[in-house]
Structure formats: structure tokens, C-alpha cells
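Participant: Please work out how this folds:
(one chain, ligands or ions: 1)
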Amino acid sequence: MRGRRAGSIINVASTASFQPVPFMATYAATKAFALSFSEALWEENRAWGIRVMALCPGSTETNFFKVAGVDTPPSNISQTPEAVVETALAALARGKGHVISGWGNFLMAEAGRFVPRALVTRIAGMILRKRYKPTEVNGKS
Ligand SMILES: NC(=O)c1ccc[n+]([C@@H]2O[C@H](COP(=O)([O-])OP(=O)(O)OC[C@H]3O[C@@H](n4cnc5c(N)ncnc54)[C@H](OP(=O)(O)O)[C@@H]3O)[C@@H](O)[C@H]2O)c1
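Facilitator: Sure thing, here's the model as predicted:
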């Protein structure tokens, strides 16, 4: 790509890139990596005319939830894959280093900047604990 002075890479990250996600700890940590890695490569390669972007979708209507063995989220908070791809390609054309798909997802992800990280993690834990029904620890679930 550097030789051609052209090229585009989209790494699929997630809204989970923006905060720890208890009960999906490894998943969210890999998505934080994908976001940070992509943004660094975006800056390193801009001078070569190469576009690198992290795409950060929220809930999207794919096989993801079935494969993960968890409940599908309500359709009113999910996007279609087509809408996510449209957002991604428009952001790539504008030369963005990352894009969060959907206004609701954008507000949720960015809101985390304004509150303590511990609170964000506790809230994520409260939401995910209900969905993942972890086994009991010390009499508490
Ligand atoms: N859906 C969401 O709500 C959501 C939200 C945020 C981010 N994402 C991200 O979006 C990306 C795509 O997920 P999706 O929602 O489209 O889920 P999906 O419908 O389950 O698709 C996952 C795809 O990855 C392929 N795959 C899985 N393991 C693989 C492996 N080891 N090597 C090669 N290919 C493999 C699967 O191929 P096979 O079908 O052949 O197994 C499938 O085509 C993922 O990175 C996910 O983390 C999804």
C-alpha cells in the first residue's frame, strides 16, 4: 500500500472498545486494542495516502448473538448491517480514524468520558450481569 501510496483498511472494533465490559472482559479488551491499534496506524500511514479506520458498531442484526449464545438485543436498539456499512464507507471517505455507528451508540460511547471509569464499569456490569446469568459467587449472582 505504501508503494502504491493508496489503500484502505477497516478494522471492525465495537462500542465495547470504549469501556471495560464485565462478563465479556476479553472481548472488550480486544476491541479496545483494535481501536487503539487502528488509530495509531491511521496517523502513521496518512502521509502515504493510506486510510486506516476502526469501525465501532453497537448491536447489529447479524449471527453474532446466536453464535455467542446470548439473547438478541431488542430490535429498536440494533442497526442493520447495511446501515453500519454505509456509515463506515462514508467515514472512510472522509478520512476518519474511527467511527461509531449510530447516534445512540455515539452518545453512549462518548458519555463515558464524563464520568469516573469505575462508574462506567459498574453500570456495564449491572447490565451484563442480567444478560449472562453468571454462576453464583459467595452467595451472590
Ligand atoms: N453484531 C454485533 O452486534 C456487533 C457489534 C459490535 C461489533 N461487532 C463485530 O463485528 C464483527 C463481525 O461480527 P458479526 O456481527 O458480523 O458476527 P457474525 O455474523 O457471527 O459473523 C462473524 C464472521 O466471522 C467469521 N469468523 C468467525 N471466527 C472466525 C475465524 N476464526 N476465522 C475466520 N473467520 C471467522 C464467521 O465465519 P463463519 O460463519 O464461517 O464461522 C463469520 O463470517 C466482529 O468483529 C464483531 O466483534 C459485532
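
Participant: check contacts around residue 131.
Facilitator: Going by C-beta atoms under 8 Å, 6 or more residues apart in numbering, residue 131 touches 23, 70, 71. Any C-beta I mention is one placed from the backbone N, CA and C, and that applies to glycine too.

Participant: any idea which of those residues is closest to residue 17?
Facilitator: residue 23 (16.6 Å; C-beta to C-beta).

Participant: how would you label that closest one: helix, strand or coil?
Facilitator: Of the three states, residue 23 takes coil according to DSSP: H, G, I helix; E, B strand; the rest coil.

Participant: With the flanking residues excluded, which residue is spatially nearest to residue 35?
Facilitator: Distances taken as C-beta to C-beta, 6 or more residues apart in numbering place residue 17 nearest to residue 35, at 3.8 Å, with adjacent residues excluded.

Participant: What about the one you found, how many residues nearby?
Facilitator: 22 (other C-beta atoms under 10 Å).

Participant: Also residue 10?
Facilitator: Counted with other C-beta under 10 Å, residue 10 comes out at 17.

Participant: in the sheet, who's paired with it?
Facilitator: residue 53 (DSSP bridges).

Participant: Just to check, it is in contact with residue 55?
Facilitator: Yes - shown here, residue 10 and residue 55 form a contact pair, counting by C-beta atoms under 8 Å, at 5.3 Å.
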